[in-house]
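Asks: build me a model:
(3 chains)
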Amino acid sequence: MTRSDGWAATIDAVAIPVLAIVVALVLFGAFVAIYGVDPFAAYGLMFEGAFGSAFSWQNSLLRSAPLILTALCTALPARAGLVVIGAEGALALGGLAAAAVGHALDGANGMVTVTVMAVAAAVIGGAWVALAGALRYWRGVNETIASLLLVYIAIALFNHLVEGPLRDPASLNKPSTPPIADDAMIGAIPGFDVHWGLVTGVLLCLAFWVLIERTTIGFAIRLIGDNQKAARLAGLRLGGYVLVVCALGGAAAGLAGLYEVAAVHGQANASLLVGYGFTGILVSFLARHNPLAIIPVAILIGGIGASGGLLQRRLDLPDAAVLVLQGILFVTILASETMYGRIRWRLPSLVAARRPA
Amino acid sequence: MSNAAEALGWWGVPLAVIGGAIRVSTPFLFVSLGECLTERAGRINLGLEGTLIMGAMSGYATALHTGSPWAGVLVAGLAGLLFGLLHGAICSLPRVNDIAVGIGLMLLGTGLAFFLGKPYIQPKAPGLPAIDLGWWSSLPQVQAALKINVLFVIGVICAPVMLWWLKNARLGLVVRTVGDSADAARALGFPVIATRIWATAAGGFLAGVGGAFLSLYYPGSWSEGLSSGQGITAVALVIFARWNPMGCFYASLLFGGAGALGPALQSVGVTQGYYLFNALPYALTLAVMIIACSPRRTLAGAPGELGVTN
Amino acid sequence: MTNFTTPSRRSLLRGAAAGGLLAATGLPIGRAFAADLVVGFIYVGPRDDYGYNQAQAEGAAALKKLAGVKVVEEEKVPETIAVEKTMESMINLDGAKLLFPTSFGYYNPHMLKLAKKYPAVRFEHCGGLWTEGAPKNAGSYFGYIDEAQYLAGIVAGHTSKTGKLGFIAAKPIPQVLRNINAFTLGARSVNPNATTQVIFTGDWSLPVKEAEASNSLIDQGVDVLTCHVDSPKVVMETAERRGVFCSGYHVNQAPLAPKGYLTGAEWAWSGLFTSMVDAVKTGKPIPNLVRGGLKEGLVKTSAYGPAVGEAARKQADAVKARFLDSGFVIFKGPLKDNKGAVVIPAGQEQGQTDLRLESMNYLVEGVLGALA
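Replies: Predicted structure coming up:
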């Protein structure tokens, strides 16, 4: 029995999301068909735009890089039972800190500057999200709402500082912080168009997976997530763990801000805030908060984004088609949660075993 | 217009805040009342932002096609009802997380509204009428501030009625029991899942109506930037209001007034830090939550089944 | 400083007029043997927003009517790597040879980066400031819309009974300040006591905040409203509802306020776009920095509304005539800012090509408000 249970769980973990994606695609196809667009043309273009060529692959991977990092901001706290949706704020303040530090170190060695910028972005991002965790633990403030409110406050602070005290007077029609030096810019991975944020994201996912699944700290975090009372009875200091998961998640989102500044824009301005933090929530839930699953899910969502342009240009679909597909996908995958452990996969061996009875 | 020329100076600030409170608060009021009902039944629906936008779009489109803004309000409510039903039904499946489904429906609602709303950005639909409560004043500024939309009045009536209903009506008791303890509700023979589904659907209806207010009265047209997070804010506002419908009313007025404060202060010459003024309502909510909460007890008034307050 | 040559710009625009004429008469020149030129347009918001994006899209719509031109469009593209990939996708997958990334934030670093990578593609950006050293296949165009705003200010100054004008702006950046200042100077040229109260909302599209700002200004006695936000729709509609006058921006908003609409400052991109397409097709050089105002036909004013009196029309038309033969300078000394400091000394003029205007950082005397 236990062996077949393990089997079934593995099949569940692969088959159910794939089924949900197929259902979502069918629903989306029906939707565009009602709108008057050939669904197969849409599927074809989506594939072409997302994964149809080397260019498309790089497009999807590039878009997935910030999503992997911001998804970790929801995924890690979720393993300890917290629903944190504050990645956008950590990204904003992390990026701002990186830009400010990068400018302050103008003239220093490039590697040193980048390192200090990364530390600044991770610390600020981590501290900002840890604040939501701290409020949760010591004041009982709901972390979902608190982290959301902190996003709005962070964005206001960001705008205030970028357009006020930290503004580069030379940034005329787009208020920005002063640009960081060229040698402090993080380039693309050699031979590719994709910046190092992708590699960082993948490495962090691997590291966090090991942390959660293979260490005693991770065991404690999962225990807290499963059952707070039991964890307390086991003598765990919950507050410490809550702070750690929130800070690590926030640090990852802060690094997303770093890469936006140091690999894309070269300075901090309103273009940093395009919703990567919010899309990251989606990625984390779709990956069921499993750091390893975040990687393919982020690439999938990045691919949907990458294919949106073709849908607009070739089929005259509104830009919101991407949002609709993401919404359908999200809802079907969440609804499919209920299927886990409830499907009897008719494995040949099982069928054979049952036949005599 | 010559009398209108008389500026109010600093008096304009409180007047703008009062006027703004009335104008800006209505969507907050409807969404928060809807969310309050849903949460009292033990579910949290973060998707009301999407419902609000969907209501705004469908209401505007209906008003344009039928020529009747009230038909628009009704359709907006029905669109919200559908989204509420969807949320309620999906969350009734075992092991489905209501917060996550809410985020999904927020995306879906926003996406559908933007997708289907493209043809309605340009045309002009008939708007909702207003009641003139400022007739007694000779000041046009006062008259304008007291020009009150019927939906606001309906919302104002809804709040105490909902409060009374939750306290005294049998159905209200069912909702409260289901929200406080599913086990107790089952023991009493109350239908837990059905109650939650229709409480979410009714909440969606109210949020949809709130959206119609945005597109049909203030600011009074459909555009994709119409909601700047009012739906999400209103969800936070319910906690601020401690799940009390009258609290939702006061909190909505407060948020509306705070939203009007920034522009009003600039119009009399306070020009520094408008971003920070704009963030005031959020900071205020967080501050109230920090003061009001305690790790050792659940928040007073919080439904026991609500995952969000444990 | 100003070494971009006006003559080449003029000849370019003359070409535009000729191209427009050809298209209008429907001569299918080259349709049979020239492959279609693919032109890509990228917008940051919805292209039917009664505002900035719509003005660009109207220019794009003019190109769609040309023979041998195929227009591809993408809207709501954020100012980040997304726009780089959209441009690249238009080049690689659609074969675009001329791109119009129309939002300000697309310029640096995104468009400049792509222009280096694809030297055979022509990039034309709206609002940026092309400088020596930037790729030669990139260019930036913009219109002196402050000229139209100055005329709108004259009309507003004539029409306002209270002498209080209201300006709702997104952010205190040079392009916005130049409009606020030109509008105010225009109004004060007819009513030296007129003031412009300015409110910054903080972002380009915030309908509820824009409505609140409109109401606050009207409560303070303002009776002419104008704005510089992405979509002026809400400001115009609120003004009409409260029974005050309004002056449009970006495109003609008269249908939104049939009673109170005075005039407006509009973009007129179709001629320029047509001439650029023409130049790319024939291999003619396009100046890297294209600027022009009423005279060059890059901006225009909306037709006067019913509330505009005879005196206002006459004076605005007279000044417009002087703009059209280059005889009028808006920013000239003595000019004080609203803190009393002299920004342009007496006897000095800053003509439209003066680059100092592109970095304006003051509000002129008569503007109530401050830069945060």
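
Asks: by contact count, what packs against the lengthiest helix in chain A?
Replies: Looking across chain A with DSSP state H, the single longest helix is helix A:2-35. Judged by 3 or more C-beta pairs under 8 Å, 6 or more residues apart in numbering or on different chains; DSSP states H and E, the packing partners of helix A:2-35 are helix A:39-51, helix A:321-336. (C-beta placed from N, C-alpha, C; glycine too.)

Asks: how long is stretch A:208-221 end to end?
Replies: Start-to-end span of stretch A:208-221 (C-alpha to C-alpha, to the nearest Å) is 12 Å.

Asks: brain fart, stretch B:136-146
Replies: Terminal residues of stretch B:136-146 are spaced 10 Å apart (C-alpha to C-alpha).

Asks: could you list the buried residues of it?
Replies: Using 16 or more other C-beta atoms under 10 Å in any protein chain shown as the test for burial, stretch B:136-146 gives B:139, B:140, B:141, B:142, B:143, B:144, B:145, B:146.

Asks: again with stretch C:239-255
Replies: Residues C:239-242, C:244-254 are the ones in stretch C:239-255 that count as buried (16+ other C-beta under 10 Å).

Asks: out of those residues, who's nearest residue B:167?
Replies: Of all the buried residues of stretch C:239-255, residue B:167 sits closest to residue C:241, with 39.9 Å by C-beta to C-beta.

Asks: so which strand or helix has that closest one?
Replies: Residue C:241 is located in helix C:233-242, with elements delineated by DSSP states H and E.

Asks: state the mean pLDDT of that helix.
Replies: Helix C:233-242 shows a mean pLDDT of 94.

Asks: hmm, who's touching that helix?
Replies: Here helix C:233-242 makes contact (C-beta atoms under 8 Å, 6 or more residues apart in numbering or on different chains) with B:144, B:219-221, B:223, C:49-51, C:168, C:207, C:210-211, C:213-215, C:218, C:225-227, C:229, C:245-246, C:248, C:253, C:256-261.

Asks: helices of chain C, start to end?
Replies: Under the criterion DSSP H, chain C carries helices at the ranges C:6-25, C:52-64, C:81-94, C:112-117, C:145-159, C:174-190, C:207-219, C:233-242, C:270-282, C:310-324.

Asks: chain B now?
Replies: Using DSSP H, the helices found in chain B span residues B:12-40, B:48-66, B:69-92, B:98-117, B:140-145, B:150-168, B:170-180, B:182-187, B:192-216, B:230-240, B:245-267, B:274-278, B:280-292.

Asks: in TSV, list those along with distance to residue A:205.
Replies: Output for the helices of chain B, formatted as TSV (distance: least, C-beta to C-beta, whole Å):
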stretch	distance to residue A:205
helix B:12-40	34
helix B:48-66	29
helix B:69-92	28
helix B:98-117	20
helix B:140-145	54
helix B:150-168	46
helix B:170-180	38
helix B:182-187	37
helix B:192-216	35
helix B:230-240	28
helix B:245-267	39
helix B:274-278	34
helix B:280-292	31
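
Asks: circling back: output the helices of chain C in a markdown table; the columns should cover distance to residue A:287.
Replies: Shown next, in a markdown table, are those (distance: least, C-beta to C-beta, whole Å):
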| stretch | distance to residue A:287 |
| --- | --- |
| helix C:6-25 | 53 |
| helix C:52-64 | 35 |
| helix C:81-94 | 22 |
| helix C:112-117 | 32 |
| helix C:145-159 | 48 |
| helix C:174-190 | 43 |
| helix C:207-219 | 35 |
| helix C:233-242 | 40 |
| helix C:270-282 | 45 |
| helix C:310-324 | 60 |
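
Asks: near the residue lying closest to residue C:50 once chain neighbours are set aside, how many other residues are there?
Replies: Of all residues not flanking residue C:50 in the chain, residue C:233 sits nearest, at 4.5 Å (C-beta to C-beta, 6 or more residues apart in numbering or on different chains). Residues lying near residue C:233 (other C-beta atoms under 10 Å in any protein chain shown) number 27.

Asks: distance of residue C:233 from chain A?
Replies: According to C-beta to the nearest C-beta, to the nearest Å, residue C:233 and chain A sit 19 Å apart.

Asks: just residue C:247 next, same as before
Replies: Counting by C-beta to the nearest C-beta, the gap from residue C:247 to chain A is 22 Å.

Asks: my read is that that residue contacts residue C:154, right?
Replies: No: Residue C:247 is beyond contact range of residue C:154, at 10.5 Å (criterion: C-beta atoms under 8 Å).

Asks: pull the contacting residues for residue C:308.
Replies: Here residue C:308 is in contact with C:155, C:158, C:159, C:262, C:263 (criterion: C-beta under 8 Å, 6+ apart).

Asks: out of those, the closest to chain A would be?
Replies: residue C:263 (25.0 Å; C-beta to the nearest C-beta).

Asks: hang on, the earlier thing: out of the contacts of helix C:233-242, which are buried?
Replies: Using 16+ other C-beta under 10 Å as the threshold, B:144, B:219-221, B:223, C:49-51, C:168, C:207, C:210-211, C:213-215, C:218, C:225-227, C:229, C:245-246, C:248, C:253, C:256-257, C:260-261 are the buried ones among these.

Asks: burial of the closest residue to chain B within the stretch 1-150 of chain C, as a residue count?
Replies: Taking C-beta to the nearest C-beta, chain B has its nearest neighbour within the stretch 1-150 of chain C at residue C:48, 5.0 Å off. When neighbours are defined as other C-beta under 10 Å, residue C:48 has 18 of them.

Asks: so it sits right up against residue B:120, yeah?
Replies: No: between residue C:48 and residue B:120 there is no contact under C-beta under 8 Å: 9.9 Å.

Asks: who's in contact with residue A:121?
Replies: A:94, A:95, A:97, A:98, A:254, A:255, A:257, A:258, A:261.

Asks: for residue C:216, see how far away it is.
Replies: 38 Å (C-beta to C-beta, to the nearest Å).

Asks: residue contacts, residue C:189?
Replies: C:153, C:154, C:157.

Asks: which one of the residues you listed is nearest to chain A?
Replies: Closest to chain A, out of all of the contacts of residue C:189 and judged by C-beta to the nearest C-beta, is residue C:153, at 21.4 Å.

Asks: per-residue confidence at the closest residue to that closest one other than its chain neighbours?
Replies: Spatial nearest neighbour of residue C:153, excluding adjacent residues (C-beta to C-beta, 6+ apart): residue C:186 at 2.4 Å. Residue C:186 carries a pLDDT value of 97.

Asks: show me the contacts for residue C:186.
Replies: C:149, C:150, C:151, C:152, C:153, C:154, C:156, C:157, C:319, C:330.

Asks: for residue C:182, see how far away the second one is.
Replies: With distances taken as C-beta to C-beta, residue C:150 is found 4 Å from residue C:182.

Asks: give me the more crowded residue out of the two.
Replies: Neighbour totals were compared for residue C:150 and residue C:182, and residue C:150 leads with 30 against 25 (other C-beta under 10 Å).
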